[in-house]
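Novice: got a structure for you, letters missing:
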C-alpha cells in the first residue's frame, strides 16, 4: 500500500481541448465510440486511434471482429468487462477477460480476429493504436497477453488505485515497456474528492479520457472540468511536470480515467484502413501484399 501523495513541483499541464468521440461501428457491426480520430493523429503522435466500446446489448458486439489485417503499428486492447477471444496468423491464441490487456505488434503484417465469447451481458473496453517508427514498421509481429493479475497496481491508502499498463507511476513499473515511443498508459480510479498527480515527460504528447463517474477536474490553477465520455488533450509545456486529476467531491461513484502519453515520432503518417506506413507507395505495397496473401508471410 502506497501512503504518499505525489505533488508536482512545477505547474501542471492544462487542458488544451476537450473532444467528444464519434459514434461508429467496426468489424462485423460492433458499435463503438471513436475518441481519437484520424485528424488528431498529428497532434497526438505517436497515437493513431482510441476506440471505446461498452454495451449491455449483445446485438451491439456479438458480431465481433472477424479476420482482418494490420501492418505498421501496435494495437493495445484493454478489457474492462466481458470476454474476447484472439486468434492470429502467427499462431497466437488468447482470451481477454475483465481487466486483461493485449499488446500486439503488427509489424510487417499480421491477420487476426477478436471474437466475443459471450452472447449476453456487458462487453466494455478500449483499443488504442500506437504507431511504430519507420525503422520498425517491418519488424516481425509480436503478441503479449496479460491477464488482470499481471498488470501492476498502485494502491494508496486514500483509495486511489492506478493500473500501470505501460510506463511507470510513483515507482511502480508497468506491465509493458516499449522503446522509441515510450508510452505511458494508466487506468486510474479516483474516489470522490481524491486527487492524483501523474508525472509526464515534458516531450510527451498526452491525453486523458474520462469513462466513469461524474467527471474530473484537470489542472491546478483554474482547473477545467472534463465530463465522463470526453477526451481532454493536454497542452505541451516544457515547464510542466505532469497533470493533476481531481474527482468531484460530491460524486457518488469513483471517477475512472485513462491517462495516455507517448514520445512523438515526428514522421510522416500515411494510413489506409488497417495499414499505417510513412508513404503512399508503402501503403500500396501493403495492400498488394495482402491481396496476394503474403502480408503475414
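Specialist: All right, it came through fine. Owing to the predicted nature of the structure, the values given are computational and were not obtained by experimental measurement.

Novice: what residue ranges in the stretch 101-250 of the chain score low on pLDDT?
Specialist: Applying pLDDT under 70 to the stretch 101-250 of the chain flags no residue at all.

Novice: if you set the cut-off to 90 instead, what comes out?
Specialist: 214, 221-222, 237-241 (pLDDT under 90).

Novice: distance check, residue 67 against residue 242.
Specialist: The gap separating residue 67 from residue 242 is 40 Å, by CB to CB, to the nearest Å. C-beta here means a position set from N, CA and C on the backbone, and glycine is covered the same way.

Novice: who has more neighbours out of the two?
Specialist: The neighbour count for residue 67 versus residue 242, taken as other CB atoms under 10 Å, is higher for residue 242 (25 against 12).

Novice: for the more buried one, name its beta-bridge partners.
Specialist: Beta bridges link residue 242 to residue 199, judged by DSSP bridges.

Novice: quick check: the closest residue to residue 178 other than its chain neighbours vs residue 251, distance?
Specialist: Once flanking residues are discounted, residue 178 sits nearest to residue 166: 6.7 Å by CB to CB, 6 or more residues apart in numbering. Distance, residue 166 to residue 251, using CB to CB: 27 Å.

Novice: do residue 165 as well
Specialist: Where residue 251 is concerned, residue 165 sits at a distance of 24 Å (CB to CB).

Novice: compare neighbour counts for those two and give me the winner.
Specialist: Neighbours per residue, other CB under 10 Å: of residue 165 and residue 251, the larger number sits with residue 165, 24 against 16.

Novice: which helix or strand contains that one?
Specialist: Element membership of residue 165 [criterion: DSSP states H and E] is strand 161-166.

Novice: check residue 283 too.
Specialist: Using DSSP H and E, residue 283 falls in helix 280-291.

Novice: would you mark the buried spots in that helix?
Specialist: Neighbour counts over helix 280-291 (16 or more other CB atoms under 10 Å) mark 282-283, 286-287, 289-290 as buried.
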